[in-house]
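Colleague: The sequence and its predicted three-dimensional model are supplied below.
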Amino acid sequence: MVTSFQKDTDGIVQIGTLPPLWNYSTVFFANLDCIFFGDPNKTREIIKNVTGFQSYGSRLIPVLGLLFQGGNNLLLLTQKPDKDLLRYFSEQLGLVLPDIEIVNLPPGCGYGEITFAQGVKDRISNHSAEFIDGYVTDRNLENLSHILGKKLINTHQSCRDANDKILLNQFLIQNGLPVFDGCEAKMGIDLDKRLDELHRMGYAKAVIRSSLGASGFGMYIAKLGESSSTNIPQHLFSEKVLVQGWVEEELLGFSNVSSPSVQFFC
């Protein structure tokens, strides 16, 4: 739950209530194949390395009705969800679930190349939802919105920027917020210099992050003093990366690090 603070009519603050959400309905594309914004090679690589990648879209089933509260949502998945799980969500938890359609999507391709089953395209076009949305709004989803005659909630550029770790780091710095030791670097000699600087600061490891990543893909942990840019998998990264000191227990006063997820944003 997202915790917010709201005052009722008597001015009493209520803690733990949800913020106002969308009073609209949507056709939602669980378009995991588009998470790298037009780079199908990275998508194919993550599918090979992350078990159950294509089933991630089912995580949307219990939350879609909470996010889009206009009712009558339609969720497009690439795999059939578990029937017992659907019964648990609806009968035990009392959640309002979206309608679900299964679409065929070859690994690594975009939604511009989608193959609709008989009648599915008409059902989407004629669906009462005014909007379409997805895990990622890329060029394919923008084109699809025109084909289907639906409005987009997001734009390609804003969605890409919101997922850019380098832009986030710049935002934190510009607003005087704390960031981990490190900086942006170009692959090659520049990166090697930054790794040496972190080594001299006392770090045993550094994390190298591509601007776009998912499920740990696009992140590489380098042992300082042993690694250089020549032994870092080049296909994981674009020319520019974010290199930062990797915080471990007993380093910089940390007594315990329980999740690597905190390594980017505290």
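Modeller: Nice, thanks for sending it over.
Colleague: C-alpha only now, for contacts and for neighbours.
Modeller: Fine.
Colleague: Could you list the low-pLDDT ranges of the protein?
Modeller: 1-19, 54, 105-118, 215-216, 227-230, 234-238, 249-250, 252, 258-266 (pLDDT under 70).
Colleague: Show me what the strand ranked longest in the chain is packed up against.
Modeller: Determined from DSSP state E, the single longest strand within the chain is strand 205-214. Counting contacts by 3 or more CA pairs under 8 Å, 6 or more residues apart in numbering; DSSP states H and E, strand 205-214 is packed against helix 165-174, helix 189-200, strand 217-223, strand 240-245.
Colleague: how big is the angle separating the third one from strand 240-245?
Modeller: What that stands for is strand 217-223. Using axes from the mean of the first three to the mean of the last three CA atoms, to 10 degrees, the inter-axis angle of strand 217-223 relative to strand 240-245 is 40 degrees.
Colleague: Now do the contacts for Tyr220.
Modeller: Going by CA atoms under 8 Å, 6 or more residues apart in numbering, Tyr220 touches Val207, Ile208, Arg209, Ile232.
Colleague: all strands of the chain, in order?
Modeller: Taking DSSP E, the strands of the chain run over residues 4-7, 13-17, 26-29, 74-77, 99-102, 131-134, 151-152, 182-186, 205-214, 217-223, 240-245.
Colleague: okay, those in TSV with distance to Thr51 next?
Modeller: Output for the strands of the chain, formatted as TSV (distance: least, CA to CA, whole Å):
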stretch	distance to Thr51
strand 4-7	35
strand 13-17	35
strand 26-29	21
strand 74-77	17
strand 99-102	20
strand 131-134	21
strand 151-152	31
strand 182-186	31
strand 205-214	13
strand 217-223	13
strand 240-245	26
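Colleague: Those: which one's closest to Asn49?
Modeller: Nearest of those to Asn49, taken as CA to CA: strand 217-223 at 8.9 Å.
Colleague: For that closest one, what is the distance to the chain centroid?
Modeller: Taking CA atoms, centre = their mean, to the nearest Å, one finds the center of strand 217-223 at 18 Å from the center of the full chain.
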